[in-house]
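**Q** Pasting the sequence and the predicted coordinates here, then a few questions.
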Amino acid sequence: MAQFELTFLGTGTSLGVPMIGCHCPVCRSTDPRDQRDRSSIYVRTPEMTWVVDTGPDFRRQFLRNGIHQLDAVLITHPHSDHIMGFDDLRPFTFGEEARIPVFASPATMDGLRHTFHFAFDGRNRYAGYLKPEPHEITGPFQLGATTITPLPVEHGRVVTTGFRFDRPGMESVAYVPDCKAIPDTTRSLIMDCGILIIDALRYREHPTHLCVEESIAVARGIRAAQTFFTHISHDISHASLSADLPENIHVAYDGLVLMVE
C-alpha cells in the first residue's frame with residue numbers, strides 16, 4: 001500500500017450538495033462530482049488509520065467507502081457540520097475496555113464534551129456505547145510514523161485547526177477545510193508543501209470562508225506543488241471550475257483518493 005492514502009469522504013459545505021429545496025443547476029446536476037457530503041477525510045497508512053471530522057454524513061461515508069478500520073479521530077472545530085456524526089463512532093468502541101482516541105484543541109474538546117456529554121461524563125460505559133479517549137492538542141503529535149502538526153486558522157470569529165501530515169521521505173500534506181484567513185505563523189508551517197487541501201466555498205466573497213479567488217491566491221503564495229479545493233457550495237459546478245483552474249490546482253470530489261509516496 002501507499003505510505004499515505006487520503007480519501008475525500010466529503011467535499012461539501014454545511015448544507016451539503018444538493019441542498020434541500022434548491023433547484024439550481026448544480027443541485028440538479030447528474031455529474032456525481034457535484035454531489036457533496038459534508039467535508040471530511042480518511043487517512044490510511046501502513047501503521048494506522050484516522051478520520052478528520054465526523055459530520056452528519058459520517059455513517060454513510062464509511063459505508064459507501066467500505067471502511068472497516070479506524071484507530072483515531074481528529075476534529076477541526078465543533079461546528080455541527082463537522083461533529084454531528086460523532087456518536088456513529090460507536091462500532092469502533094464495542095467492548096467494555098474499547099476506546100477511540102480523539103484529538104482536538106482544548107476549545108474544540110470543550111465543545112465535544114458539551115454536545116456529547118453522555119460519552120465523556122463517565123456515567124454510561126456499557127459495552128456498546130461510545131467511549132472516546134480525549135487528547136487535547138497543544139502541539140505536534142504522532143500517529144504511527146506520521147507527525148501531525150496543528151494549523152490554527154481564522155474561520156470568522158472561530159479558530160479552527162487544520163493539520164499538516166509528515167512522514168519520512170514523503171512530501172507534506174496540509175488539510176485546511178474551514179478558513180477565512182491564515183496567520184503568518186501558520187502560513188510558515190505550510191510553505192512549499194507538496195499537497196494543500198483548502199477551503200474554497202464559492203466564487204463570491206464570504207465572511208467566514210475563502211472564496212475561489214482567495215484560495216487560488218493562498219495556493220500561489222504558499223507555493224504548494226498541488227492544491228485541492230474542498231468545502232464547496234452549490235454555487236460551484238465541478239466541471240466548470242475545473243476547466244478554469246491552473247494546471248496544479250484541482251477541485252476535489254467525494255470519493256477521490258490521493259496516494260502519496
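**A** Right, received. Where do you want to start?
**Q** Please give me every residue in contact with residue 203.
**A** Counting by Cβ atoms under 8 Å, 6 or more residues apart in numbering, residue 203 makes contact with 211-213, 235-236. C-beta coordinates here come from the backbone N, C-alpha and C atoms, glycine included.
**Q** in this protein, which helix or strand is least confident?
**A** helix 117-120 (a mean of 94; mean pLDDT, DSSP states H and E).
**Q** Tell me the gap between that helix and the middle of its chain.
**A** How far helix 117-120 lies from its chain's middle: 23 Å, per Cα atoms, centre = their mean, to the nearest Å.
**Q** Which among the contacts of residue 203 count as buried?
**A** Buried members of these, scored by 16 or more other Cβ atoms under 10 Å, are 211-212, 235-236.
**Q** What lies in contact with the least confident helix or strand of the chain?
**A** Under Cβ under 8 Å, 6+ apart, the answer for helix 117-120 is 86-87, 112-113, 124, 129-132, 134.
**Q** With respect to residue 72, which of those is nearest?
**A** residue 132 (10.5 Å; Cβ to Cβ).
**Q** Please enumerate the strands of the stretch 101-250 of the chain.
**A** Ranges of strands within the stretch 101-250 of the chain are 132-136, 141-143, 146-155, 158-166, 173-176, 195-199, 226-230, 249-251, based on DSSP state E, counting those that start in this stretch.
**Q** Save the ones you listed as TSV, and put in mean neighbour count, mean pLDDT and distance to residue 96 too.
**A** Shown next, in TSV, are those (neighbours: other Cβ atoms under 10 Å; pLDDT from 0 to 100; distance: least, Cβ to Cβ, whole Å):
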stretch	mean neighbour count	mean pLDDT	distance to residue 96
strand 132-136	15	97	14
strand 141-143	14	98	25
strand 146-155	20	97	29
strand 158-166	22	96	31
strand 173-176	25	98	34
strand 195-199	26	98	38
strand 226-230	24	98	38
strand 249-251	21	98	45
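**Q** nearest to residue 68, of those strands?
**A** Nearest to residue 68 among the strands of the stretch 101-250 of the chain is strand 141-143 (18.1 Å), distances taken as Cβ to Cβ.
**Q** Show me what that closest one is packed against.
**A** strand 146-155 (3 or more Cβ pairs under 8 Å, 6 or more residues apart in numbering; DSSP states H and E).
**Q** If you count contacts, what does the strand it packs on end up packed against?
**A** Applying 3+ Cβ pairs under 8 Å, 6+ apart, one finds that strand 146-155 contacts strand 141-143, strand 158-166, strand 173-176, helix 184-190.
**Q** send the alpha carbons of it over as PDB?
**A** What follows is strand 146-155, C-alpha atoms only, in PDB (Å, rounded to 0.1, in the frame of the first residue of the first chain):
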ATOM      1  CA  THR A 146       3.200  10.300  10.800                       C
ATOM      2  CA  THR A 147       3.900  13.600  12.500                       C
ATOM      3  CA  ILE A 148       0.800  15.700  12.700                       C
ATOM      4  CA  THR A 149       1.200  19.500  13.200                       C
ATOM      5  CA  PRO A 150      -1.800  21.600  14.100                       C
ATOM      6  CA  LEU A 151      -2.500  24.500  11.900                       C
ATOM      7  CA  PRO A 152      -4.600  27.200  13.600                       C
ATOM      8  CA  VAL A 153      -6.600  29.400  11.100                       C
ATOM      9  CA  GLU A 154      -9.300  32.000  11.300                       C
ATOM     10  CA  HIS A 155     -12.800  31.000  10.500                       C
END
